[in-house]
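Participant: Test case, fold it:
(2 chains)
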There are 2 protein chains.
Amino acid sequence: MIVRKLSDAGTQGRTVSADGWESHRLLLKSDGAGFSFHITRIFKDAVLPMHYQNHIESVYCISGFGEIKDVASGAVHSIEPGTIYILDKHDKHILRAFEEMELACVFNPPLIGREVHNAEGAYALTAEAIA
Amino acid sequence: MIVRKLSDAGTQGRTVSADGWESHRLLLKSDGAGFSFHITRIFKDAVLPMHYQNHIESVYCISGFGEIKDVASGAVHSIEPGTIYILDKHDKHILRAFEEMELACVFNPPLIGREVHNAEGAYALTAEAIA
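Facilitator: Reported below is the predicted structural model:
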């Protein structure tokens, strides 16, 4: 059994950030669960084009408000506490935060550690590991 | 892209309950993500012995207070908002809620649908599906 606390993520080196977001990677590939789990904050007014070409991601909104645009269809879906979206087709999307959002994110395959988005909005399948 | 709302789980037939808990299964095997994702409420004063012999589970506490006892070691860990525990060794455990807890649960392999615990506290690998 592994037990961790969100409040320890920073001192454990589990916090990764880039423009508009900060992610606390509480469960990673090295833990052997077959998926990774992160608590991610999307900052107010962030507009993030993303395209997880190598991963399936599910995102559950714990708090905050925003929207997601499905680039292929043009459809826009509101995000509020209790919304989940699943990028089951590696969907190219644009995420917007109207208020800071706290999201529970699950990735398959699991992230390794310090992934940040490449120029295409994807995470590579290799990255610096977090022990 | 799949988008769902927690508030629709009941009318979509995604809510499963038994003594002491209620689970809203927002993402299941049929969605093809390779994991399942549930928002689960553990009711106040529930004491739940469980043993997921067939699954790895991670559990993140969104709200409420409780504790988890690792039966093998006897160790007890407090659960509060921001705590995650991962049953990476199919750990036999007892979950207690001092206040109602809202938990984000991820299972690998993904649940199929209407699983409830068997006499050993496990979920079987077959169950009635939720479409």
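Participant: just the residues of chain A that are near chain B, which are they?
Facilitator: Within chain A, the residues that sit near chain B (Cβ under 8 Å from any Cβ of the partner chain) are A:1-7, A:26-27, A:31-35, A:37, A:39, A:56, A:58, A:60, A:62, A:68, A:70, A:75, A:77, A:81-89, A:91, A:93, A:104, A:106, A:108. The way it works is simple: take the backbone N, C-alpha and C, and place the C-beta from them, glycine included.
Participant: which residues of chain A score low on pLDDT?
Facilitator: Of all residues in chain A, none has pLDDT under 70.
Participant: Repeat the analysis, applying 80 as the threshold.
Facilitator: Filtered on pLDDT under 80, chain A yields the residue ranges A:131.
Participant: can you give me the strands in it?
Facilitator: Using DSSP state E, the strands found in chain A span residues A:2-5, A:15-18, A:21-27, A:36-42, A:47-50, A:56-63, A:66-70, A:76-79, A:83-87, A:93-97, A:101-108.
Participant: Please produce CSV containing those strands, extended by mean neighbour count.
Facilitator: Shown next, in CSV, are the strands of chain A (neighbours: other Cβ atoms under 10 Å in any protein chain shown):
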stretch, mean neighbour count
strand A:2-5, 18
strand A:15-18, 15
strand A:21-27, 23
strand A:36-42, 23
strand A:47-50, 16
strand A:56-63, 22
strand A:66-70, 20
strand A:76-79, 16
strand A:83-87, 23
strand A:93-97, 20
strand A:101-108, 22
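Participant: a markdown table for the ones you listed, including distance to A:T126?
Facilitator: Shown next, in a markdown table, are those (distance: least, Cβ to Cβ, whole Å):
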| stretch | distance to A:T126 |
| --- | --- |
| strand A:2-5 | 24 |
| strand A:15-18 | 15 |
| strand A:21-27 | 15 |
| strand A:36-42 | 14 |
| strand A:47-50 | 18 |
| strand A:56-63 | 18 |
| strand A:66-70 | 27 |
| strand A:76-79 | 30 |
| strand A:83-87 | 20 |
| strand A:93-97 | 23 |
| strand A:101-108 | 14 |
